[in-house]
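Novice: okay, predicted coordinates and the sequence, questions at the end:
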Amino acid sequence: MKRFYAFVKKEFLHIFRDRRTLVILFGIPIVQLLLFGYALSSEVRDVKVAVADFSKDELSRKITNQIAASPWFQLVTVTDNPAQYEELLRSGQAKEIIVFEPKFAQKLTHQGKVSVQLIADASEPNTAQLVVNYTTAIINSNMQATAAKLSIKPDIDIKTRMLYNENMKDAFNFIPGLMAMILMLISAMMTAITIAREKEMGTMEILLASPLKPIQIILGKVTPYMILSILNAIVIVGLGTFLFGLPIRGELMLLMFEVLLYIFLALSLGIMISTIAANQMVAMAISGFVLMLPSILLSGFIFPIKNMPLPLQVVAQAMPPRWFVETVRMVMLKGADLTLVWKHTLIMIGFSVLFIVISMKKFKVRL
Amino acid sequence: MKILFYILQKEFTQIFRNKSMLPIIFAMPMVQMLILVFAATFEIKQLDISVVDNDHSPASRQLIHQVMGNKLFHVDYFPTSAKEAELLIQATKTDLALVIPKDFDKKLTLHEGADVQILVDAINGNAAQLGSAYLSNIITDFAHQIRVKEAVVSQMQPTTINVTPSFWYNAELNYKFYMAPGILVILITIVGMLLGSMNLVREKELGTIEQINVTPIKKWQFIAGKLLPFLVIGLFDLAFGLTLAKLVFSIPIRGSLPLLFFLASIYLVLVLSAGLFISTISETQQQATFSVYFFMMVFLLMSGLFTPVESMPLWAQRLDYINPLYYFVKIMRGVILKGAGLADVFREFAALVVYASIMFSLAIMRYRKTS
């Protein structure tokens, strides 16, 4: 035990001596939280639009002004040259062009019907769709002033309740995912790389020849990263709560338990990778491609799993972060208890056991 | 020149000898591309919903029937109370719930304004908004149909403005067209950064750099020798990825390919120089790895790949001026999807050239032959 303690101390010294890595380890969660919280938003705001006005009458000007004044749009130019459309869109100067036909107001009063053409840059389909919807809404709301005189009370009154996130803050959605990603980064990637490093430098043989048991070596390597991960988890949850008002609706103990379980899972995954990878570069590449991208994109963190094609949905089930993200969302935000997340918990335990068994098998062979 | 050639030969031999790296350099990005392009979609394809029918009337049944008839909605549960429906949402078994009150049919026929309730799991705010909007549309349509049936629609035709949208460059709003160029950017960035940053520091860690330091190889020759092989690999990955995108996703390539590869080379010089620069200021591969991941994550998230740049606050948009990915994402999408020429992306091109020269010089300057 004393030997083990000394070994852990040595590992800690290694980490603390490398100031830069330490700063980055704690910098990553903080910077990402701030970015997601304050900078990134999937909403559409200040989209650049151009107006092609062939009418230049009162009504077309009124609509143009309304569009320019709305928070969704930013009016870049008014043109009456159709040859310019292509250039505006292709160079990205505008994302949408609103075309008013000649004699716009006149047609509306005489024929009761007039059309507006919207040309959207659909190379960004999501934005294009939203932009068209917003523009249509602005144009239609203009007509509602006249329609209101005729309108009758709606037959069905729809009351919508937004559960668990009344103000629809983005932070509620991304913080669990961010936690999954960062803990994976620290626990799995760091562990994989440090053990691979000992192998690459040849110092692993010295360790193996020491009186320390292999299991003690692995545990000793892993302990500092476990502590760092726990600290990081606390930082993320703390910042989420104080900065973004994230509630903890479920049992705090249960949340802590699930976080610990996930850290354990990530560590065993890291150990497994290190037993496969011969050197640091391979360990990093595997971590990068196998861990990072899937844990961002296949975990349901940014893109809901349900929207993916079926084979990918199946693949996503085999991604440990997918289960963790859902567990945190349920426990933290929905106040779920163990009766609702027992399946998730069992699956995460299963993954950990699997990774440990594989690592043990691989490790024995090398001895 | 001869010396540079020898260094290149050495680097290539080293790359192709490392059997475990080869599949990572060539196969992994392709597999990732196939998986990720399919995964990265905001399009809503399925919404699980539970319906609470407190009325059990012809009207309520008809409404439920209409919801079930919509292929977006999967009606999986019929709880007996709103409380139960909420529990289903809590257990993440459903995304929404529709609660029809007791006097629904009666109020509807008497035109007293029946009310229904929609419960939505709003943790993902965007999806929640879309989901409840779709459901509201179905309900409004239903109400409208009833009105038409009863022929109480007024004879007065209100004046209407007809809005006709046309979607250029991607008429079917295919999300894959949008994501494929973006994922390609991620992949060549990762390959470039990874190879660039790990390579030099590895020689440092293993001590082999000392051997090179005592040779008459010049600093720029050494850096260029490290850079060129990876540049070739990066371009090869890009070509391979583009072929895949064309074959699998039938993505249209509207711009000129030589232009695309020319711009990609500049971008790769920039990324590789940045990687090598990080390599020269790092002592261990672990340190290099983390520095790279830190910058890459921030740059990636802010590049406009997943979320639009315009919706970021002004300070964040300004910050993007130093984000190489921001420029390259614009270039890739512009050239591939919109057929942009050099004139259309000149600003981005100029920024990349300036940036690449700065990074390359920095990498050479920071590399010291003496320790």
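Specialist: Yep, that arrived.
Novice: against residue A:359, how distant is whichever residue of chain A sits closest to chain B?
Specialist: For chain A, the residue closest to chain B is residue A:168, as judged by Cβ to the nearest Cβ, at 3.2 Å. Glycine gets a C-beta too; all of them are placed from N, C-alpha and C. Residue A:168 is 42 Å from residue A:359, where distance means Cβ to Cβ, to the nearest Å.
Novice: of the two, who's got more company?
Specialist: residue A:359 (21 against 17; other Cβ atoms under 10 Å in any protein chain shown).
Novice: quick one, what contacts residue A:219?
Specialist: residue A:4 (Cβ atoms under 8 Å, 6 or more residues apart in numbering or on different chains).
Novice: now do the buried residues in the helix or strand in which it is found.
Specialist: In this assignment (DSSP states H and E), residue A:219 forms part of helix A:214-244. Neighbour-count burial for helix A:214-244, counted by 16 or more other Cβ atoms under 10 Å in any protein chain shown, picks out A:216-226, A:228-230, A:232-233, A:235-237, A:239-240, A:244.
Novice: what of stretch A:259-278?
Specialist: Buried positions in stretch A:259-278, judged by neighbour count with 16+ other Cβ under 10 Å: A:259, A:261-275, A:277.
Novice: among these, which are in helices?
Specialist: Counting by DSSP state H, the part of those found in helices is A:259, A:261-275.
Novice: just curious, which of the residues you listed is nearest to residue A:200?
Specialist: residue A:274 (10.6 Å; Cβ to Cβ).
Novice: and for the residue of the stretch 1-150 of chain B found nearest chain A, nearest residue in space, chain neighbours not counted?
Specialist: Closest residue of the stretch 1-150 of chain B to chain A, Cβ to the nearest Cβ: residue B:125 (3.2 Å). Excluding the flanking residues, the one nearest residue B:125 by Cβ to Cβ, 6 or more residues apart in numbering or on different chains is residue A:168, at 3.2 Å.
Novice: name the SS class of that neighbour, please.
Specialist: The local conformation at residue A:168, judged by DSSP: H, G, I helix; E, B strand; the rest coil, is coil.
Novice: so it sits against residue B:129, correct?
Specialist: Yes: if you go by Cβ atoms under 8 Å, residue A:168 and residue B:129 touch, sitting 6.8 Å apart.
Novice: does chain A sit close to the helix or strand harbouring residue B:62?
Specialist: Using DSSP H and E, residue B:62 maps to helix B:58-69. No: judged by Cβ under 8 Å from any Cβ of the partner chain, helix B:58-69 makes no contact with chain A; its nearest approach is 8.7 Å.
Novice: next helix or strand past that helix?
Specialist: Next along from helix B:58-69, by DSSP H and E: strand B:73-77.
Novice: mind checking how far stretch A:191-211 is from the chain centre?
Specialist: With Cα atoms, centre = their mean, to the nearest Å as the basis, stretch A:191-211 stands 35 Å off its chain's centre.
Novice: next one: stretch B:25-45
Specialist: 10 Å.
Novice: again, but for stretch A:185-195
Specialist: 21 Å.
Novice: that stretch: which residues count as buried?
Specialist: With burial defined by 16+ other Cβ under 10 Å, the residues of stretch A:185-195 counted as buried are A:185, A:186, A:187, A:188, A:189, A:190, A:191, A:192, A:193, A:194, A:195.
Novice: spit out the contact partners of the third one.
Specialist: With contacts defined as Cβ under 8 Å, 6+ apart, the neighbours of residue A:187 are A:225, A:226, A:229, A:263, A:266, A:267, A:269, A:270.
Novice: against residue A:223, how distant is the fourth one?
Specialist: Plainly put, residue A:263 is 12 Å away from residue A:223 if you go by Cβ to Cβ.
Novice: what's the answer for the fifth one, then?
Specialist: Counting by Cβ to Cβ, the gap between residue A:266 and residue A:223 amounts to 14 Å.
Novice: shaky segments in the stretch 151-300 of chain A?
Specialist: A:151-155, A:289 (pLDDT under 70).
Novice: what helix or strand is residue A:55 on?
Specialist: If you go by DSSP H and E, residue A:55 is not part of any helix or strand.
Novice: so for it, what's the pLDDT?
Specialist: Here the pLDDT value assigned to residue A:55 is 85.
Novice: what's the closest non-adjacent residue to it?
Specialist: Leaving aside its sequence neighbours, residue A:55 sits nearest to residue A:104 (Cβ to Cβ, 6+ apart; 3.7 Å).
Novice: what's the closest non-adjacent residue to residue A:315?
Specialist: With Cβ to Cβ, 6+ apart as the criterion, residue A:315 has its nearest non-adjacent residue at 6.6 Å, and that residue is residue A:298.
Novice: surely the one you found meets residue A:312?
Specialist: Yes: Residue A:298 is within contact range of residue A:312, at 7.2 Å (criterion: Cβ under 8 Å).
Novice: so for these two, which sits in the more crowded spot?
Specialist: Taking neighbours as other Cβ under 10 Å, residue A:298 and residue A:312 compare with residue A:298 leading, 25 against 19.
Novice: any idea how far that one is from residue B:17?
Specialist: 33 Å.
Novice: same deal with residue A:138?
Specialist: Using Cβ to Cβ, one obtains 63 Å as the distance from residue A:138 to residue B:17.
Novice: show me which of the two is the more surrounded one.
Specialist: Legend: neighbour count by other Cβ under 10 Å for residue A:138 and residue B:17, higher for residue A:138 (18 against 9).
Novice: isn't the more buried one up against residue A:68?
Specialist: No: at 10.4 Å, residue A:138 does not count as touching residue A:68 under the criterion of Cβ under 8 Å.
Novice: how about the strands in the stretch 251-367 of chain A?
Specialist: Shown for the stretch 251-367 of chain A, no strands are assigned by DSSP state E, counting those that start in this stretch.
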